[in-house]
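**Q** quick one, what's the 3D model for this:
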Amino acid sequence: MKCPDCDAEVIAGEDVCQVCDTDLTFLSVPGPKQGRLHEVILKDPLSQLNAPEPILLKDSNSVADAVEQMRKHRFGSVLVLGAGGQLAGIFTERDVLNRSSPGDSRSLEQVPLSEVMTRDPHRLQEDDTIAQALNYMAVGGYRHLPIVDDGKPVGFCSIRGILRYISENALEP
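**A** Take a look at the predicted model:
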């Protein structure tokens, strides 16, 4: 911004020009630019991410089963189903590191997912926005969130998938 009296550069929101002491409180401060990035984050639904089909395992499957599937598909999580095919939990790379106890003498083949999964994770719908997903991830410290329809998992979103979508759809070339 420029001072209307002396044409000096001033910081938007300053009350007085530092060069000529002119009152600047009457000037309107321009709002932030809201381009395609803003639009993508606030308006695009998660359905636009083309979320991959999740790996679905039962809560009775072992940690070894989950790790094998995560490696095979190069995913950072599996969704865990309980009774009736409803989402019961999520098992992530972090769960492997933080919940597999070195003091436990059982092998990963002997530990069921029900013991180490994150129970009742926050769920998203396909019509939720990217902003909603990012908010839940930031507040909860998550990197993966399941997407459900009528309580049944239909996909998952990851921070990597969101960043890929933003880079392909919102950033200026």
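**Q** ramachandran angles for the residue nearest to Gln86 when sequence neighbours are not counted?
**A** The spatial neighbour of Gln86 that comes closest, neighbours along the chain excluded (CB to CB, 6 or more residues apart in numbering), is Gly151 at 5.0 Å. For the C-beta atoms, the positions are set from N, CA and C on the backbone; glycine is no exception. The phi and psi values for Gly151, taken as degrees, to the nearest 10, are phi 80, psi -10.
**Q** now do Lys152
**A** As for Lys152, its main-chain torsions (degrees, to the nearest 10) stand at phi -100, psi 130.
**Q** how many other residues sit next to the closest residue to it other than its chain neighbours?
**A** In space, and not counting its chain neighbours, Lys152 is closest to Gly85: 5.9 Å by CB to CB, 6+ apart. One way to gauge burial is a neighbour count; for Gly85, by other CB atoms under 10 Å, it gives 12.
**Q** can you give me the pLDDT of Pro4?
**A** Confidence per residue is given as pLDDT, and for Pro4 that number is 88.
**Q** so it: helix, strand or coil?
**A** Following DSSP: H, G, I helix; E, B strand; the rest coil, we place Pro4 in the coil state.
**Q** now Gly82. Nearest residue, chain neighbours left out?
**A** In space, Gly82 comes closest to Ala88 once its chain neighbours are excluded; the distance is 3.2 Å by CB to CB, 6+ apart.
**Q** check which helices and strands the one helix or strand that neighbour maps to is in contact with.
**A** Using DSSP states H and E, the secondary-structure element containing Ala88 is strand 87-92. Packing contacts for strand 87-92, counted by 3 or more CB pairs under 8 Å, 6 or more residues apart in numbering; DSSP states H and E, involve strand 77-81, helix 113-116, strand 118-119, strand 144-149, strand 152-158.
**Q** partners of the first one, with directions?
**A** Counting by DSSP bridges, the strands paired with strand 77-81 are strand 56-58 (parallel), strand 87-92 (antiparallel).
**Q** in the protein, which spans are helices?
**A** Chain-ordered helices for the chain, with DSSP state H as the definition, fall at 36-43, 63-73, 93-99, 113-116, 130-140, 159-169.
**Q** pull the CA atoms of the second one into CSV?
**A** Spelled out, that is helix 63-73. Extracted as CSV, the C-alpha positions of helix 63-73 are listed here (Å, rounded to 0.1, in the frame of the first residue of the first chain):
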residue,chain,number,x,y,z
VAL,A,63,-0.9,-57.5,12.6
ALA,A,64,1.3,-59.5,10.3
ASP,A,65,-1.6,-59.8,7.8
ALA,A,66,-2.0,-56.0,7.9
VAL,A,67,1.7,-55.2,7.5
GLU,A,68,1.9,-57.6,4.5
GLN,A,69,-1.1,-56.0,2.8
MET,A,70,0.2,-52.5,3.5
ARG,A,71,3.6,-53.4,2.0
LYS,A,72,2.0,-55.1,-1.0
HIS,A,73,-0.3,-52.1,-1.9
